[in-house]
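> Fold the following for me, if possible:
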Amino acid sequence: MPPRAAIGLNPPQLGGLGGLGGPSAPLRRLEAAQLRLRRRNGTRNPLSFANSRRFQAGRRSRQWLWLALLTACSPTIPEGRLVCETAAECPKGWSCIAGKCFSSPDASTRDGSAGDTPAPDAAGTDGMSTKDPALKDSGMLDAATSDATTDGGSCEPADCDDGDPCTDDVCEAGTCTHAPVSESGVICDDGNSCTAADVCNAETGTCEGTALPESPDEAQGLFVSDDAPSGGDGTIASPFQRIGEALAVVDDTKKIVYVEEGIYDEELVVSVPVTIDGSWRYSGTIFDRNCEADARSWTVIRSPSDLGLRVDLAGDVTLSNLTVRTDFAAKTGGADEHGATRVGIRVGSQGTLTLQNVHVLAGPGGAAGMATVGGDGAVAPATCTCAAYQSPPVAGADGQPGAAGADAVAGVFSASGFAAGDGATGAQGEAGMPGSAPGTPQSGQCQICICFGTSCSPGDTTVTAPAGACGCGGGGALPGNPGRGGGASVGILAVGDIAKVRTRGSLIEASAGGAGSPGASGGVGADGSAGRGGFGNCAKSAECTNQGGACPCGTQNQVWGPGLSTNPGGDGGRGGDGGRGGHGAGGPSYGIVTVSSATVELDAYSTHATGEGGPGGGGAAPTGATGQRLNVP
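All right, here's what the predicted structure looks like:
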């Protein structure tokens, strides 16, 4: 089957098999169709079954699927990429030459896949450098090869490195030579998912691995197929539908879980010694191993949560030929919440986790939720203790605004996980001060009507104006809440003194860290109340008049005349605004994080990759760190 890379459709892009988002409906249907096709036409080790009818029929069926995708997705079909028996199996107008499709006989010669082997050109052999180990493995070159340098006969040892661990690269007399290694046992990778313990053979200079069993061990095995109906018993004839079902019944006898290619939306906690082996094809009652180089991409444990898989036990666990990934949907925390941290595999056991040809993929850290604005200051009270009397009255001082909270420092890892970097809370605004005290009470004369027999005459009476009041200060506002830290993205998090992880030909990958949020502003301080003066009970009225009768005053006891007042108190001051909260830090991105004495050992053919650190919320809040490894004592 043509490699997916040749047509721009690698597994991470197929609707979430390893990509950055959930699958669209068409891609999910394509995933399912591809998996079903592979299962129907799957074979045992293609090295031993390449000539079987089942393999040839499956090859042609898969080829037509990829040919359709090629035609739709790529303007160029690689020469010699498609296998054939007749021209009818090739694109229109192409020829079938020596079992492969070419646009013309000349193209087959240029490709080097049919006809006479072309003469080496300046690059070495057919436009390809003799440093390419694939040429040596194919027999096109002798076990020891050489290539002249391009500067007329001078070289340095570093110039001769062909990237093949199974050759000794030497610069002699201006020419690079690549002979087989002097001793066998150098670790290498033969690119075959059906071998393990790959080492260099000193006699041939090639990488050779030990073949894995082509068929499962039914005596020790439990079987899982995502296409199986529910209610299976885990036998090869009636597989479980979910991996978690198999883990629930693992024991000393049944301790290998064979998983068919598919997508398993499960969050798994492994708490028993077990081997979980993916990339098996299931047809009827036959489980066949997939030996393609990208086999691990076809068995995906796709957790619906922020944790892909957790290992927590005192024992040994092995994962092989599969992908483990977290949820990948963009995620933002609620108000005043940290961003979510995503971890591909968390190991907190006292045993050893071995990863053989496994892709671990942590989704992006979540963005922190927005901080909440502080509450406004309280309304000024009705009464308060006034400042000293002054004339004219003097208003109270406004309250000072609260200080802003400090911006965050980077978050930290511990045995509990990741603690995001939060900003500090700001200070509350000060209350406003009361105004100056009012003047003392004042007395004055007012006129009233007084009866004298049958006459009515004005008279005087004394009226006292009460004291006024000072204004009270408004309440200070509450501070704004601090910005929160963004979440981390971590491929493997190993915690504990004895936790140990070993990898073999695996990829440990983290995504970008989450963004920190800015601190929120404080509330608004309240206005102070107004000062006021006292006012006497003396109101202007009509003059006294005779109305007749025993007491003729028509406005008897009516008070009139000018009003009396006292000097008012000063207004209260305004409350201070609340301080802004500090900004949150961005979340980090690490391939591997070890805490305490935990260890993670990567072989020469395992790699780890990271994304970018999340941006801080502002100010001095830092961007999240990024790195392949972080060791926390």
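> partners of residue 436 in the sheet?
residue 387 (DSSP bridges).
> So it is in contact with residue 471, correct?
No. With contact defined as C-beta atoms under 8 Å, residue 436 does not reach residue 471; the gap is 9.3 Å. In short, each C-beta sits where N, CA and C put it, glycine included.
> so residue 246 is in which element?
helix 243-247 (DSSP states H and E).
> So what's the gap between that helix and the chain middle?
From the chain centre to the centre of helix 243-247 is a distance of 27 Å (C-alpha atoms, centre = their mean, to the nearest Å).
> for it, what is the average pLDDT?
The average pLDDT within helix 243-247 is 97.
> circling back to that earlier point, looking at residue 436 and residue 471, which has the bigger crowd around it?
residue 471 (28 against 24; other C-beta atoms under 10 Å).
> what kind of secondary structure is residue 209 in?
Of the three states, residue 209 takes strand under DSSP: H, G, I helix; E, B strand; the rest coil.
> Please report the number of neighbouring residues for it.
Residue 209: 18 neighbours (other C-beta under 10 Å).
> And residue 217, by the same measure?
10.
> And for residue 606?
20.
> Test my guess that it contacts residue 506.
Yes. Using C-beta under 8 Å, residue 606 is in contact with residue 506, at 4.6 Å.
> Spit out the contact partners of residue 628.
590, 591, 592, 608, 609, 610 (C-beta atoms under 8 Å, 6 or more residues apart in numbering).
> The last one and residue 235, how far apart?
The one in question is residue 610. 42 Å (C-beta to C-beta, to the nearest Å).
> Kindly report the same for residue 428.
Counting by C-beta to C-beta - residue 428 and residue 235 are separated by 68 Å.
> Of the two, which one has the most company?
Taking neighbours as other C-beta under 10 Å, residue 428 and residue 235 compare with residue 428 leading, 26 against 13.
> And the pLDDT at that one?
97.
> now do the one 10 residues further on
What the model reports as pLDDT for residue 438 is 88.
> how about it, secondary structure?
Under three-state DSSP, residue 438 comes out as coil.
> which ones are touching the spatially most central residue of the chain?
Closest to where the C-alpha atoms of the chain average out (C-alpha atoms, centre = their mean) is residue 364, at 1.7 Å. The contact partners of residue 364, by C-beta under 8 Å, 6+ apart, come to 20, 328, 330, 331, 342, 489, 511, 512, 513, 514, 611.
> Quickly name whichever of the residues you listed is closest to residue 584.
residue 514 (9.8 Å; C-beta to C-beta).
> Pull the number of nearby residues for that closest one.
36.
> does it really touch residue 421, like I thought?
No. Using C-beta under 8 Å, residue 514 makes no contact with residue 421, being 11.1 Å away.
> same question for stretch 197-217, mean pLDDT?
Mean predicted confidence for stretch 197-217 is 86.
> now the helices for the chain?
Along the chain, the segments classed as helices by DSSP state H run 25-41, 46-49, 53-73, 105-111, 133-138, 243-247.
> quick one: contacts for residue 337?
368, 369, 484.
> so can I have a markdown table of these showing pLDDT, distance to residue 300 and neighbour count?
Shown next, in a markdown table, are these (pLDDT from 0 to 100; distance: C-beta to C-beta, whole Å; neighbours: other C-beta atoms under 10 Å):
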| residue | pLDDT | distance to residue 300 | neighbour count |
| --- | --- | --- | --- |
| 368 | 97 | 29 | 36 |
| 369 | 97 | 30 | 18 |
| 484 | 97 | 32 | 32 |
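> and for residue 606 and residue 506, which residues touch both?
residue 355.
> so what's the closest residue to residue 211 other than its chain neighbours up against?
What sits nearest to residue 211 in space, not counting adjacent residues and going by C-beta to C-beta, 6 or more residues apart in numbering, is residue 195, at 5.6 Å. Neighbouring residues of residue 195 by C-beta under 8 Å, 6+ apart: 208, 209, 210, 211, 212.
> Give me the buried subset of the residues you listed.
Burial by neighbour count, judged by 16 or more other C-beta atoms under 10 Å, picks out 208, 209, 212 from the contacts of residue 195.
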